[in-house]
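> Sharing a model prediction with you, sequence too.
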Amino acid sequence: MLGLPLSSFLLLFVAPCLVLVPMFYYSWLIKTGRKD
Amino acid sequence: MSPEIMSIGLLLFTIYLAVMVLVGVISARYQKTSADFWVANRSIGLPVLVMANMAAIMHGGSVLSGVALMGNVGGIAGLPYLAFVGGFAVIFFFFAKKLRDSRGFTMPDYMGDRFDSNFLRGFSALIVAISSIIYLIGQTRVMGFVLEQLLGIPFFWGMFVGTIIFVFYVAMGGLLAVVWTNIVQFVFMWLGLLLMAPYVYERVGGWYDVIDKVEALAPGWTSPQGTSWSASFLISWYVIWFVAYCTRLELVTKMYAARDDKIARRSLPWTILLVMIFLLYGNFYIGGAARILVWDTISSPDQAFPTLVATILPPVFAAFALTGIASAAMSTTDSLLLMSGAAVAHDLLRKCIHEPRGIVKNERYYLRGSQLTIVGVGTIAFLGAIPDVDLVLQIVSYAVAILGATFFFPLLVGLTTKRVSREAAIASSVGGAVVTACWTWARIAGAPWAQELHPGVIGLAAAGILIFAVSLATKPVTSEKLKKFFPEKT
């Protein structure tokens, strides 16, 4: 995975995205007025 | 470092200092009230807030020490962004909206208003002032070190000139000046880093090449533990930084300065994304390249970045890259100065001494008082940074742990449930701070039992137990006082 061991790849890319993607989604809901 | 690089670098740095002074002078024209000074009149929009968030936490030392750390041991602990992501997510989901809507200026404002306690406001202000000043002393030394390493300015004079400049623009322009100078520093630092990209690529290749080569040179470099971290170290490292980033004063205060609560929240995922890119490129890739290209020629890891730059870049570009990083050495010091100044002038003088006694002063008085406080705190930090006292630097590394133990639970629990009482918040804050400070003292004194666990972990555990236990035995703050944080739905 990108030349890295699987554990490093998961911790460097997958784990942050699991938090970041919902944040961006929620942020988009806030922007469009669907969430207060 | 060649004399050519040094002289071009000094010229660029002088221009940069002139720009900082100019930003201070321009920002001063917008300072009419203490709200202008401490929270930039709550006028900051999304792009500016994102860059200001980023610059406040990623300073010049982040590149220098990040490249040194990654080059040395590799692993993922050198990239603390797992902790950033978690910490920012907590601010995003739990803190940002309520803090912004409560219209405070500082963390002690939150503590005093949410728990209806002037004691807690004063205690919080003392903790913020003391830990920020200690941290500021450490960061002032880092700034002197960065200027010496990168531009050859003698350590004392680097600190002296740097301190005069950042004290000047913070005292003149408050948060507005901090935000705009941070953005100039941020852009300058990124330009310097991006200039390096084609030269590093030419010498070591792309991402895959760096990983292959560095792993062959230092087996284990790409694993989560790198060449020397342990699994338990990794976990405690992330726990401490996670809490530290939830309670990072520079960030929490910037939530107050956003134009509205939506902008406050929307700035956070973008900040994380920029931090991730910054660390992956500026620390991981460049750190790996330094390990491959210059590791055999340096005597300490701190020299990795300047040596790499001087080795691979033409002199003009090298000077630009080094000056960019050196300039960004100020971006954390100015935020810390503002925090400690606010704790003294706004929280202690105005909110804890004047207002409870009915002493009425006009906004001009508080504005001037704030500016004088900034000069005073800056002078203390500079004088404190001159002696090479190892103890100060040891304490600095625990200052974030004390802040975390003091504020984490009152923020997290206090903003999610009305049940937390004044007594519980006082017990949690005071207990967390005292336990962390005592454990730190024992650790520095060499007590063997204190070496196993980080003081922040113990302090947090104490703070967590106290806030829940004391809340159960005491009555919550009245609903009337909580309206600011828990508005009734209409």
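Everything's here; your move.
> B:Leu10: neighbouring residues, count only.
15 (other CB atoms under 10 Å in any protein chain shown). (Each C-beta comes from the backbone N, C-alpha and C, glycine too.)
> any idea which helix or strand comes after the longest helix along chain B?
Determined from DSSP state H, the single longest helix within chain B is helix B:155-204. Using DSSP states H and E, the helix or strand that follows helix B:155-204 towards the C-terminus is helix B:207-217.
> so does the longest helix of chain B get close to chain A?
No. Contact of helix B:155-204 with chain A (CB under 8 Å from any CB of the partner chain) is absent, the minimum separation being 13.2 Å.
> So which residues of chain A form helices?
A:6-9, A:15-31.
> ok, residues contacting the first one?
Helix A:6-9 is contacted by residues A:1-2, B:75-76, B:222-224 when judged by CB atoms under 8 Å, 6 or more residues apart in numbering or on different chains.
> Show only the entries of those found in helices.
Using DSSP H, no member of these falls within helices.
> Quick one, which of these are buried?
Listed as buried from these are B:75-76, B:222-224; burial here means 16 or more other CB atoms under 10 Å in any protein chain shown.
> near chain A, which residues of chain B?
So chain B meets chain A at B:75-76, B:79, B:81-82, B:85-86, B:88-89, B:92-93, B:207-208, B:211-212, B:222-224, B:262, B:265-266, B:268-269, B:272-273, B:276, B:280 (CB under 8 Å from any CB).
> For ChimeraX, write the select line for the buried members of those.
To isolate the buried ones among these in ChimeraX, judged by 16+ other CB under 10 Å, type:
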select /B:75,76,79,81,82,85,86,88,89,92,93,207,211,222,223,224,262,265,266,268,269,272,273,276,280
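> Run through the residues that contact B:Ser132.
Shown in contact with B:Ser132 (CB under 8 Å, 6+ apart): B:249, B:336, B:339-340, B:343, B:399.
> let's go with 10 Å and repeat that
By CB atoms under 10 Å, 6 or more residues apart in numbering or on different chains, the contact list for B:Ser132 reads B:139, B:249-250, B:335-344, B:377, B:381, B:399, B:403.
> Which helix or strand contains it?
Per DSSP H and E: helix B:118-151 holds B:Ser132.
> quick one: buried residues of that helix?
Within helix B:118-151, the residues scored as buried using 16+ other CB under 10 Å are B:120-151.
> And chain B, what are its domain boundaries?
B:3-388, B:391-490 (automatic domain parsing).
> Just the C-alpha atoms of the helix or strand hosting B:Met111, please, in PDB.
Using DSSP H and E, B:Met111 sits within helix B:107-114. Output in PDB follows, covering the C-alpha atoms of helix B:107-114 (Å, rounded to 0.1, in the frame of the first residue of the first chain):
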ATOM      1  CA  MET B 107     -10.700  29.900  27.800                       C
ATOM      2  CA  PRO B 108     -11.000  31.500  31.300                       C
ATOM      3  CA  ASP B 109     -14.100  33.300  30.000                       C
ATOM      4  CA  TYR B 110     -15.600  29.900  29.200                       C
ATOM      5  CA  MET B 111     -14.700  28.500  32.600                       C
ATOM      6  CA  GLY B 112     -16.100  31.500  34.500                       C
ATOM      7  CA  ASP B 113     -19.300  31.800  32.500                       C
ATOM      8  CA  ARG B 114     -20.200  28.100  32.100                       C
END
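> ok now do B:Glu423, which residues does it touch?
Contacts of B:Glu423 by CB under 10 Å, 6+ apart are B:115, B:117, B:466-467, B:470-471, B:473-475.
> Need the per-residue pLDDT for it.
Here, the pLDDT recorded for B:Glu423 equals 97.
> Three-state assignment for it, please.
Three-state assignment for B:Glu423 (DSSP: H, G, I helix; E, B strand; the rest coil): helix.
> Tell me how far stretch B:330-341 lies from the chain's centre.
Centroid displacement of stretch B:330-341 relative to its chain, using CA atoms, centre = their mean, to the nearest Å, is 8 Å.
> Ignore what I typed, I meant stretch B:154-167.
19 Å.
> What average pLDDT does that stretch get?
93.
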